[in-house]
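Engineer: need a structure here:
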Amino acid sequence: MYVNIFLILAYPNPHSFNHAIADVANRALLNAGHTVLFHDLYQEGFDPVLTSDEIPRDGSLSHEVFIHCDEIAMADGIIVVHPNWWGMPPAIMKGWIDRVIRPGVAYRFLEGDNGEGVPVGLLQARAAIVFNTANTPEHRENEVFGDPLEQIWKDCVFGLCGVTNFWRDIFRVVVTSDDIQRKKWLDQVHDRVMQVFPGV
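Structural biologist: Prediction:
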């Protein structure tokens, strides 16, 4: 059963379509009886800079990072919302990955492995959804850039941390979309959330 869902958003404009996506996902989860652990990284002023003191497995963590680590570790499911910027998440989201998806929380290395091997995933979340917005048409994204965000989230983050049930929806081209198209996309967000995380 999915109970605690970690929902994380990275977009600086509070009136953005990314915020609308996160709002629809949040309300759908709450209406279905889930507990939502929601973080708007820009609104919270999350510091994305990883310090050298944090790098060791038993490194010194700020209270903010400790809370994020505790919540991601207890989450039964994860939803990520952010735009495609240069084929990458926004810097604040990358910094969140650096600081929170850390050894002892999201993965560990086997005894005798000093970090050169493949880690064992520790996250208990059984499913993850990533919602991305983009202004690059699908054919150009796939043919020219190869859709790097798919590999970043599916393989490099969630796959290594033990979350193998993965869905990703991309909404494009946002900059030229109208209200009718955006309503259809938001309906798609609701349906995906309910498909992956049905009511408690």
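
Engineer: Show me what residue 83 bridges to in the sheet.
Structural biologist: residue 133 (DSSP bridges).

Engineer: Check the gap between it and residue 120 for me.
Structural biologist: 32 Å (CB to CB, to the nearest Å). The C-beta positions use only the backbone N, C-alpha and C, and glycine is treated the same way.

Engineer: So which of these two has more stuff around it?
Structural biologist: residue 83 (22 against 13; other CB atoms under 10 Å).

Engineer: ok, now which ones touch the more buried one?
Structural biologist: By CB atoms under 8 Å, 6 or more residues apart in numbering, residue 83 lies in contact with 10-11, 18, 90, 132-134.

Engineer: give me phi/psi at residue 12?
Structural biologist: For residue 12, the backbone dihedrals (degrees, to the nearest 10) come out as phi -70, psi -30.

Engineer: Torsion angles phi and psi at the nearest residue to residue 74 once chain neighbours are set aside?
Structural biologist: Among residues not flanking residue 74 along the chain, residue 4 sits closest, at 5.6 Å (CB to CB, 6 or more residues apart in numbering). Backbone torsions of residue 4, given as degrees, to the nearest 10, read phi -90, psi 120.

Engineer: With the one 5 residues further on instead?
Structural biologist: Residue 9 adopts backbone torsions of phi -130, psi 140, taken as degrees, to the nearest 10.

Engineer: can you pull out the helices in this structure?
Structural biologist: 17-31, 41-44, 63-74, 91-100, 138-140, 148-151, 179-196 (DSSP state H).

Engineer: which one of those helices has the lowest average pLDDT?
Structural biologist: Ranked by mean pLDDT, the helices of the chain bottom out at helix 138-140, with a mean of 75.

Engineer: thinking again about what came up before, need the contacts of residue 83 in JSON lines with neighbour count and distance to residue 174, can you?
Structural biologist: JSON lines is the format used below for the contacts of residue 83 (neighbours: other CB atoms under 10 Å; distance: CB to CB, whole Å):
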{"residue": "10", "neighbour count": "25", "distance to residue 174": "15"}
{"residue": "11", "neighbour count": "24", "distance to residue 174": "11"}
{"residue": "18", "neighbour count": "25", "distance to residue 174": "9"}
{"residue": "90", "neighbour count": "20", "distance to residue 174": "15"}
{"residue": "132", "neighbour count": "22", "distance to residue 174": "10"}
{"residue": "133", "neighbour count": "24", "distance to residue 174": "5"}
{"residue": "134", "neighbour count": "19", "distance to residue 174": "7"}
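
Engineer: Now do the contacts for the residue sitting nearest the centre point of the chain.
Structural biologist: The centroid of the chain falls nearest to residue 80 when counting by CA atoms, centre = their mean (2.7 Å). Residues in contact with residue 80 (CB under 8 Å, 6+ apart) are 8, 93, 128-131, 153.

Engineer: From those residues, pick the one nearest residue 64.
Structural biologist: residue 8 (13.3 Å; CB to CB).
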